[in-house]
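Engineer: Make a model of this:
(one chain, ligands or ions: 3)
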Amino acid sequence: MSTRVEAILGSITEVKADAIVVNLFQGVDSPQGATRAVDHALGGLITQLIAQGEITGRLNTATLIHSQDRLPSPRVIVTGLGPAESFHLRRARQAAAAAALAARKAGVKTLATVVHGAGAGGQDPAQAAAAVAEASLVALYRYLEFKSRPDESPGALDGLLLVESDPARFSAVAEGARLGAVLGEATNLCRDLTMRPPNYCTPSLLAEAAQDLGRKLGLEVEVYGPAEIEALKLEGIMAVARGSQEPPRLIVARHHGGNPEERPDLALVGKGVTFDAGGIMIKTTRSIEHMKSDMAGAGAVIAAMAAAARLGVPRELVAVIPAVENLPSGSATLPGAVIRLQGGQTVEIASTDAEGRLCLADAVAYACRRLGARAVVDAATLTGSCVQAFGHYTSGLLSNHRPLEAAVLAAAEEAGERVWPLPLFEEYWELLRSDTADFKNTGITAKAGVILGALIIGQQAQNTPWAHLDIAGPAWLEERFGYLPPGATGAGTRTLALLALRLPDRGEQA
Ligand code: BES
Ligand code: ZN
Ligand code: MN
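Structural biologist: Numbering: from 1, shown residues only. Ligands and ions are numbered 1, 2, ... in the order given. Predicted coordinates:
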């Protein structure tokens with residue numbers, strides 16, 4: 001069941017919902033704006049609770065109080081915004097998430113909230129509304145597909161109302177609420193695909209999920225099997241798939257928002273390793289545990305395409321997903337094997353566990369050479385090295401093109417995702433030298449792994465603007481982080497969707 005998001009014009013004191021949400025900056029002892037109006041209606045109860053130290057305005061604190069018939073809504077949640085001086089939209093997200101979680105805990109079905117940041121916070125009302133809608137949906141996510149009795153824990157929120165009292169700001173709030181809802185739902189779609197157990201998310205089942213979604217949203221989805229992948233000379237994909245009984249799939253999904261006669265404005269490429277056992281060089285017990293999430297890049301790309309379709313992005317977009325299982329078996333590719341990439345280069349497979357770069361190299365080549373994409377961005381749970389560098393809250397960004405890199409960073413900022421650039425210096429190729437082939441798929445040492453993986457993928461883009469998001473850290477959380485529960489996070493989804501949405505007109509491009 002998904003939460004319906006709506007914007008309404010009116011005063012929060014007049015709304016009838018199971019609970020209303022107002023906010024408070026830290027260190028403020030007499031509330032302002034909507035919070036003041038609610039405080040008045042409650043006979044100064046909020047002011048009193050502030051004086052008693054019960055309500056502090058600290059970030060990630062949400063206090064639930066009962067309105068005892070003094071308001072149309074029976075409950076009021078006061079959520080903390082932190083200090084006013086350093087407020088920003090990430091904190092609006094945290095405040096919205098804390099309120100939504102407090103509401104669900106109390107069994108609330110309909111929640112009405114002010115738009116944190118749109119008033120005294122001084123933020124753009126559309127962006128603030130998008131942040132509140134998105135973070136509420138993202139915080140409330142739960143993966144229930146395989147729970148026999150999903151009713152054990154408090155149920156989902158049915159409706160979220162964003163209440164704006166200023167008619168001059170209302171249309172911006174309504175528009176932002178819609179964008180935030182689409183982005184939040186897309187994030188959760190990626191999480192559903194990523195959480196799905198590997199026996200329910202094989203390459204062919206992932207392809208079917210993309211096709212179902214395509215039918216629902218008007219995306220044109222084509223799926224290719226081993227014979228076609230072979231014929232297209234995508235040996236990097238075949239080399240990874242060979243160890244598995246499950247045949248590989250190449251998923252190509254198109255959103256026609258522009259002129260279908262023209263080259264795609266943007267190709268999104270997603271790593272779709274539906275399970276990464278490491279191949280012949282099988283992973284250890286601990287590191288293999290959540291390798292069903294090695295298709296999180298594919299999930300992000302599919303979900304971003306879904307968002308683009310729902311938002312009617314006025315561009316030609318294409319998604320390319322190599323979907324494979326990386327397993328050990330008698331037919332698996334052996335360490336030391338040499339293959340030829342679609343682009344013509346030979347690779348010595350020094351590690352069968354460095355499989356992502358092989359299938360992504362071919363998928364990027366396909367996007368550039370066959371589809372003629374004008375720009376390519378790939379998302380992949382590519383390296384443990386990136387997790388070492390950034391932990392679980394930042395994705396690495398590597399690119400051959402400054403303006404595209406800047407566009408991805410701007411999209412990430414708007415998305416509330418943490419993305420940070422790393423270099424792609426050509427000198428690093430030295431570390432991939434091979435005696436047998438043009439290069440190896442892993443370095444001579446284990447150092448700079450995130451850069452080496454990206455070099456191999458980016459080489460296939462040649463002169464096409466290309467950027468690579470290594471989401472290995474943020475895609476999956478072993479423990480709760482902020483308002484994100486453990487498990488899949490949907491990392492990259494919103495950044496890719498907003499990148500597509502904010503893509504400049506070709507007339508405007510430098
Ligand atoms: N899918 C893994 C990367 C990964 C690691 C994702 C941890 C999420 C969490 C990738 O295919 C892999 O195995 N990479 C190796 C490459 C190495 C053999 C050069 C790695 O990073 O250890
Ligand atoms: Zn992998
Ligand atoms: Mn691997």
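
Engineer: Contact partners for the residue of the chain found nearest ligand 1?
Structural biologist: For the chain, the residue closest to ligand 1 is G384, as judged by C-beta to the nearest ligand atom, at 3.3 Å. Bear in mind the C-beta positions are built from the backbone N, C-alpha and C, glycine included. The contact partners of G384, taken as C-beta atoms under 8 Å, 6 or more residues apart in numbering, are 287, 449, 472.

Engineer: Just the buried residues of the residues you listed.
Structural biologist: Among the contacts of G384, those classed as buried by 16 or more other C-beta atoms under 10 Å are 449, 472.

Engineer: Serialize the contacts of G384 to a markdown table and add fields for pLDDT.
Structural biologist: Formatted as a markdown table, these follow (pLDDT from 0 to 100):
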| residue | pLDDT |
| --- | --- |
| S287 | 92 |
| G449 | 98 |
| A472 | 98 |
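
Engineer: Ligand 2: which of the contacts of G384 is nearest?
Structural biologist: Using C-beta to the ion, A472 comes nearest to ligand 2 of these, at 8.3 Å.

Engineer: Could you tell me how far that closest one is located from V240?
Structural biologist: 17 Å (C-beta to C-beta, to the nearest Å).

Engineer: residue boundaries of the strands in the stretch 51-200 of the chain?
Structural biologist: Listed in chain order, the strands of the stretch 51-200 of the chain (DSSP state E, counting those that start in this stretch) span residues 62-66, 75-80, 110-114, 159-164.

Engineer: For the least confident helix or strand in the chain by mean pLDDT, give me every contacting residue.
Structural biologist: When each helix and strand of the chain is scored by mean pLDDT, DSSP states H and E, helix 285-288 comes last, with a mean of 93. Identification of contacts with helix 285-288 by C-beta under 8 Å, 6+ apart yields 276-278, 282, 384.

Engineer: Tell me which other helices or strands the helix or strand following that helix touches.
Structural biologist: Remark: after helix 285-288, the chain's next helix or strand is helix 296-311, criterion DSSP states H and E. Counting contacts by 3 or more C-beta pairs under 8 Å, 6 or more residues apart in numbering; DSSP states H and E, helix 296-311 packs against helix 167-195, helix 203-217, strand 249-256, strand 266-270, strand 316-326, strand 376-380, helix 493-501.

Engineer: quick one, what contacts A92?
Structural biologist: For A92, the contacting residues are 81, 116-117, 121, 123, 128, 131-132, 135, by C-beta under 8 Å, 6+ apart.

Engineer: So which of the residues you listed belong to helices?
Structural biologist: Among the contacts of A92, the members found in helices (DSSP state H) are 128, 131-132, 135.

Engineer: from those residues, which single one is nearest ligand 2?
Structural biologist: A135 (29.3 Å).

Engineer: Among the contacts of A92, show me the least confident.
Structural biologist: The pLDDT minimum for those sits at G121, where the score is 88.

Engineer: Just confirm it contacts F87, I think it does.
Structural biologist: Yes - G121 lies in contact with F87 (C-beta atoms under 8 Å); the separation is 5.1 Å.

Engineer: got any residues that touch both of these two?
Structural biologist: Joint contacts of G121 and F87 (C-beta under 8 Å, 6+ apart) are L81.

Engineer: Tell me the residue of the stretch 301-450 of the chain that sits nearest ligand 3?
Structural biologist: Nearest residue of the stretch 301-450 of the chain to ligand 3, counting by C-beta to the ion: D353, 3.9 Å away.

Engineer: Leaving out the residues flanking it, which one is nearest to that residue?
Structural biologist: Spatial nearest neighbour of D353, excluding adjacent residues (C-beta to C-beta, 6 or more residues apart in numbering): G278 at 4.0 Å.

Engineer: Quick one: residues contacting the one you found.
Structural biologist: 287-288, 326, 328, 352-353.

Engineer: What about the residues you listed, which one has the most neighbours?
Structural biologist: Of all the contacts of G278, the highest neighbour tally under other C-beta atoms under 10 Å goes to N326, namely 32 neighbours.

Engineer: could you list every residue that touches that one?
Structural biologist: N326 makes contact with 240, 243-244, 273, 275-279, 294, 352-353, 355, according to C-beta under 8 Å, 6+ apart.

Engineer: Does it have any beta-bridge partners, and if so which?
Structural biologist: On the basis of DSSP bridges, N326 is bridged to D276.

Engineer: now swap in E164 and tell me
Structural biologist: L9.

Engineer: Could you pick out the residues of the protein near ligand 2 for me?
Structural biologist: Within the chain, the positions near ligand 2 by C-beta under 5 Å from the ion are 273, 276, 294, 356.

Engineer: Please report the distance of the one residue in the stretch 101-250 of the chain that gets nearest to ligand 2 from S351.
Structural biologist: At 9.0 Å from ligand 2, V240 is the closest residue in the stretch 101-250 of the chain, using C-beta to the ion. As judged by C-beta to C-beta, V240 and S351 stand 12 Å apart.

Engineer: In terms of packing, which of the two has more residues around it?
Structural biologist: V240 (30 against 15).

Engineer: okay, the contacts of N326 in CSV with pLDDT next?
Structural biologist: CSV is the format used below for the contacts of N326 (pLDDT from 0 to 100):
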residue, pLDDT
V240, 99
G243, 98
S244, 98
V273, 99
F275, 98
D276, 98
A277, 98
G278, 98
G279, 98
D294, 99
T352, 98
D353, 98
E355, 99
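
Engineer: From those, pick the one nearest V318.
Structural biologist: Lowest distance from V318 to those (C-beta to C-beta) belongs to V273, with 20.3 Å.

Engineer: Quickly find the element holding the residue of the stretch 101-250 of the chain closest to ligand 2.
Structural biologist: Assigned by DSSP H and E, V240 falls in helix 235-241.

Engineer: Output the contacting helices and strands for that helix.
Structural biologist: helix 226-231, strand 316-326, strand 338-340, helix 356-365.

Engineer: can we see that at 6 Å?
Structural biologist: Here helix 235-241 touches strand 316-326, strand 338-340, helix 356-365, going by 3 or more C-beta pairs under 6 Å, 6 or more residues apart in numbering; DSSP states H and E.

Engineer: Is V223 located within a strand, as I assumed?
Structural biologist: Yes - looking at V223 with DSSP: H, G, I helix; E, B strand; the rest coil, it is inside a strand.

Engineer: how many other residues sit next to the nearest residue to it once chain neighbours are set aside?
Structural biologist: Spatial nearest neighbour of V223, excluding adjacent residues (C-beta to C-beta, 6+ apart): A207 at 4.4 Å. Residues contacting A207 under the criterion other C-beta under 10 Å number 24.

Engineer: Per-residue pLDDT of A207, please?
Structural biologist: The predicted local confidence for A207 is 99.

Engineer: got the domain boundaries for this protein?
Structural biologist: The domain map for the chain lists 4-188, 196-509, with the assignment taken from automatic domain parsing.

Engineer: Isn't T13 up against H40?
Structural biologist: No - the pair T13 / H40 is not scored as a contact, 8.1 Å apart, by C-beta atoms under 6 Å.

Engineer: These two: which is more packed in?
Structural biologist: The residue with more neighbours, out of T13 and H40, is T13; 22 against 15, by other C-beta under 10 Å.

Engineer: end-to-end on stretch 489-503?
Structural biologist: End-to-end span of stretch 489-503 (C-alpha to C-alpha, to the nearest Å): 24 Å.

Engineer: Please list the residues of the stretch 201-350 of the chain that sit near ligand 1.
Structural biologist: Within reach of ligand 1 by C-beta under 6 Å from any ligand atom, the stretch 201-350 of the chain has these residues: 276, 294.

Engineer: Low-confidence bits of this protein, can you list those?
Structural biologist: For the chain, residues meeting the criterion pLDDT under 70 lie at 1, 150-154, 508-510.
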